[in-house]
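A.B. asks: the following block contains a protein sequence and its predicted model.
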Amino acid sequence: MENTLKLAGQTAVVTGAGGGLGKAIALELAAAGANLIINYHSGKEKAEAVVKDIESRGGKALAVQADVGSEADVKRMFDQCLAQFGFVDILVNNSGIQKDRAFHEMTLDEWQQVINTNLTGHFLCAREAVNIFLKQGLRGVSRATGKIICISSVHDIIPWGGHANYAASKGGVMMLMKTLAQELAPKKIRVNSISPGAIQTSINKAAWETEEALNKLLELIPYGRIGKPEDVAKQALWLASDDSDYVTGATHYIDGGMTLYPGFADNG
């Protein structure tokens, strides 16, 4: 393992961890000593490959299929985590989907699918984790009773035409996170968000796979490069560790300055 074992003795559940940001976060937390639940909705082979990667480096992990928008599935996933590792200390709410369409053409099903995964999924997983945290109490492996990290998006504050369902879900995640942080801080449960900008993953491949597309994208990023999954993963590790013990209710924008409204850099 490459990282200092800041999460030794702890167990983390990472949703949507079969690829992209979830995979990078899972690998980072595992390298810091955490046991991992690698959640996936579909793509069992990819999730099991992440488990093998972690195990090859001396870590422990288990792939668990669950739809985060299903109450029964979420309960089963956490039950499997407890059966395998005995405790839950960290939840990374990462699962997210897009169903993009012009607003006036968007179907109710497209709206509900995105809200169900991106927002209701955060609620269901957080509720289950919090109940476990409270039952466990302080275990001596962390200064916090539990840690929840919500993976959101810069579109929790930047409107995004053609993506009303997605933007609404991410705005909801922000207020859910802040409300949970406010309510749970006295119980020593820390809740924070990471809101990535343009990160080089398969979900946005069309935005960076050609030189023309990448150059257009970079016009929105003052720092001049597209983000890597590892940029987000390193922040997730910090939020999961005691290094950030005095941090709760905060949104961390990992975006190369995208939220600085670069279009106004030269007087707009």
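C.D. replies: Ah, there it is.

A.B. asks: model confidence over stretch 260-268, on average?
C.D. replies: For stretch 260-268, mean pLDDT is 89.

A.B. asks: put the alpha carbons of that stretch into CSV.
C.D. replies: Extracted in CSV, the C-alpha atoms of stretch 260-268 (Å, rounded to 0.1, in the frame of the first residue of the first chain):
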residue,chain,number,x,y,z
LEU,A,260,-14.9,31.1,-11.1
TYR,A,261,-17.0,32.0,-14.1
PRO,A,262,-14.0,32.3,-16.5
GLY,A,263,-16.2,34.0,-19.1
PHE,A,264,-16.0,37.1,-16.9
ALA,A,265,-12.2,37.1,-16.6
ASP,A,266,-11.9,39.9,-19.2
ASN,A,267,-14.8,42.0,-18.1
GLY,A,268,-17.4,39.6,-19.4
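
A.B. asks: off-centre distance for it?
C.D. replies: 29 Å (C-alpha atoms, centre = their mean, to the nearest Å).

A.B. asks: got the contact list for that stretch?
C.D. replies: 219, 220, 221, 222 (C-beta atoms under 8 Å, 6 or more residues apart in numbering). C-betas here are computed from N, CA, C, even on glycine.

A.B. asks: and with 7 Å instead?
C.D. replies: 220, 222 (C-beta atoms under 7 Å, 6 or more residues apart in numbering).

A.B. asks: could you do stretch 192-201 as well?
C.D. replies: Counting by C-beta under 7 Å, 6+ apart, 20-21, 149-154, 156, 173-174, 177, 204, 207-208, 217, 221, 226-229, 232, 235-236, 239, 247-256, 258 sit against stretch 192-201.

A.B. asks: which stretches of the stretch 151-268 of the chain form strands?
C.D. replies: Along the stretch 151-268 of the chain, the segments classed as strands by DSSP state E, counting those that start in this stretch run 189-196, 251-254.

A.B. asks: please produce TSV containing the ones you listed, extended by mean pLDDT.
C.D. replies: Below are the strands of the stretch 151-268 of the chain laid out as TSV (pLDDT from 0 to 100):
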stretch	mean pLDDT
strand 189-196	98
strand 251-254	98
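
A.B. asks: with respect to burial, which of those strands scores highest?
C.D. replies: Highest mean neighbour count of the strands of the stretch 151-268 of the chain: strand 189-196, a mean of 25 (counted as mean count of other C-beta atoms under 10 Å).

A.B. asks: neighbouring strands of that strand in the sheet, and parallel or not?
C.D. replies: strand 146-151 (parallel), strand 251-254 (parallel) (DSSP bridges).

A.B. asks: okay, it in PDB with CA atoms only?
C.D. replies: C-alpha atoms of strand 189-196 as PDB (Å, rounded to 0.1, in the frame of the first residue of the first chain):
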ATOM      1  CA  ILE A 189     -20.800  12.400  12.500                       C
ATOM      2  CA  ARG A 190     -19.100  14.600   9.800                       C
ATOM      3  CA  VAL A 191     -20.800  15.100   6.400                       C
ATOM      4  CA  ASN A 192     -19.200  16.900   3.500                       C
ATOM      5  CA  SER A 193     -19.400  17.100  -0.300                       C
ATOM      6  CA  ILE A 194     -17.000  17.000  -3.200                       C
ATOM      7  CA  SER A 195     -18.300  18.800  -6.300                       C
ATOM      8  CA  PRO A 196     -16.100  17.900  -9.300                       C
END
